[in-house]
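Engineer: Quick one: sequence plus predicted model below, questions after.
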Amino acid sequence: MGVSDLLKLTPDAKIHKNDPRLCSDATDWLDISPGQKFTSEGATLRALHCPGHTSDHMALVLEEEDAMFTGDNVLGHGTAVFEDYATYMSSLSTMSKEFNGRAYPGHGAVIYNGKDRVNEYIAHRQDREKQVMSVMASEGQGRRQGTEGWTAIEIVKIIYKDYPENLHEPAERGVRQILDKLKQDGKAWSPDDETTWLLGKSNL
């Protein structure tokens, strides 16, 4: 995490983390509360709890610039990895309402239209949800339309058919999280302990 190197340079530095109890190395670290402000000359940072990438993920709004340090939720290149898709989507929605200027990501270049990038992330993930639902409603893999369950990897092989197969496994994890969110939204269900999936609500 780089904290040990920081403390070698500035031994008196105070380390803050959302719920430091989650980290075994955080014996002397201080908690960060949502909305907490950190100030120095000319700069005010406001903490924003936005889980999804991890349960303790925080962003920081730089109030003087109407900008945001987006951490690992929104990156300067590629797309982010998340632990919980439904929570991640909710956090992206929250983040989009908290600033209008630049985004300073945890990885990659500065994003000059930060709010637009957050909204692009949201639109991209919503498109993936629609693709998953479209596949499940189709007659692919010898199924009658919408009547036989789909496995996550079968959905991946259609949506990601033009991608190298070595990317199918990580893509499958993402599709599984989408299916779980669709279940929470009442748009999909599994008749066999989440091995296969069907559109709609369970009638069992």
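Structural biologist: Thanks, I have it.
Engineer: same for the longest strand along the chain, what does it pack against?
Structural biologist: In the chain, taking DSSP state E as the definition, the longest strand is strand 43-49. Secondary-structure packing of strand 43-49 (3 or more Cβ pairs under 8 Å, 6 or more residues apart in numbering; DSSP states H and E): strand 37-40, strand 58-62. Heads up, the C-betas are built off the backbone N, CA and C, glycines and all.
Engineer: Could you rerun that using 10 Å?
Structural biologist: Strand 43-49 sits against strand 37-40, strand 58-62, strand 67-71, helix 85-96, with contacts defined as 3 or more Cβ pairs under 10 Å, 6 or more residues apart in numbering; DSSP states H and E.
Engineer: what angle separates the second one from helix 85-96?
Structural biologist: Regarding strand 58-62 and helix 85-96, their directions subtend 10 degrees when assessed with axes from the mean of the first three to the mean of the last three Cα atoms, to 10 degrees.
Engineer: quick one: strands adjacent to strand 58-62?
Structural biologist: Strand 58-62 pairs in its sheet with strand 43-49 (antiparallel), strand 67-71 (antiparallel), by DSSP bridges.
Engineer: For that strand, give the mean pLDDT please.
Structural biologist: Per-residue pLDDT over strand 58-62 has a mean of 97.
Engineer: Under the pLDDT cut-off, which ranges of this protein? List them.
Structural biologist: The chain contains residues with pLDDT under 70 at 1, 24-26, 139-147, 202-204.
Engineer: Show me the domain layout of it.
Structural biologist: 32-129, 137-204 (automatic domain parsing).
Engineer: Quick one: closest of those domains to Asp12.
Structural biologist: domain 32-129 (15.5 Å; Cβ to Cβ).
Engineer: Any idea how far apart the tips of the closest one sit?
Structural biologist: 33 Å (Cα to Cα, to the nearest Å).
Engineer: Find the nearest non-adjacent residue to Thr87, please.
Structural biologist: Distances taken as Cβ to Cβ, 6 or more residues apart in numbering place Gly52 nearest to Thr87, at 4.7 Å, with adjacent residues excluded.
Engineer: Kindly apply the preceding question to Asp66 instead.
Structural biologist: Gly101 (4.2 Å).
Engineer: wait, isn't the one you found in contact with Glu65?
Structural biologist: Yes. With contact defined as Cβ atoms under 10 Å, Gly101 reaches Glu65; the gap is 5.3 Å.
Engineer: Compare neighbour counts for those two and give me the winner.
Structural biologist: Gly101 (17 against 14; other Cβ atoms under 10 Å).
Engineer: Show the contacting residues for the more buried one.
Structural biologist: 61-62, 64-68, 111-115 (Cβ atoms under 10 Å, 6 or more residues apart in numbering).
Engineer: So it: helix, strand or coil?
Structural biologist: Under DSSP: H, G, I helix; E, B strand; the rest coil, Gly101 falls in the coil class.
Engineer: Repeat that for the one 3 residues further on.
Structural biologist: Going by three-state DSSP, the secondary structure assigned to Tyr104 is strand.
Engineer: Okay, buried residues for stretch 60-75 please.
Structural biologist: For stretch 60-75, burial by neighbour count (16 or more other Cβ atoms under 10 Å) applies to 60-62, 67-75.
Engineer: Not counting its own residues, what contacts the longest strand of the chain?
Structural biologist: Residues contacting strand 43-49 (Cβ under 10 Å, 6+ apart): 16, 18-19, 32-39, 55-65, 68-71, 73, 91, 94-95, 98-99.
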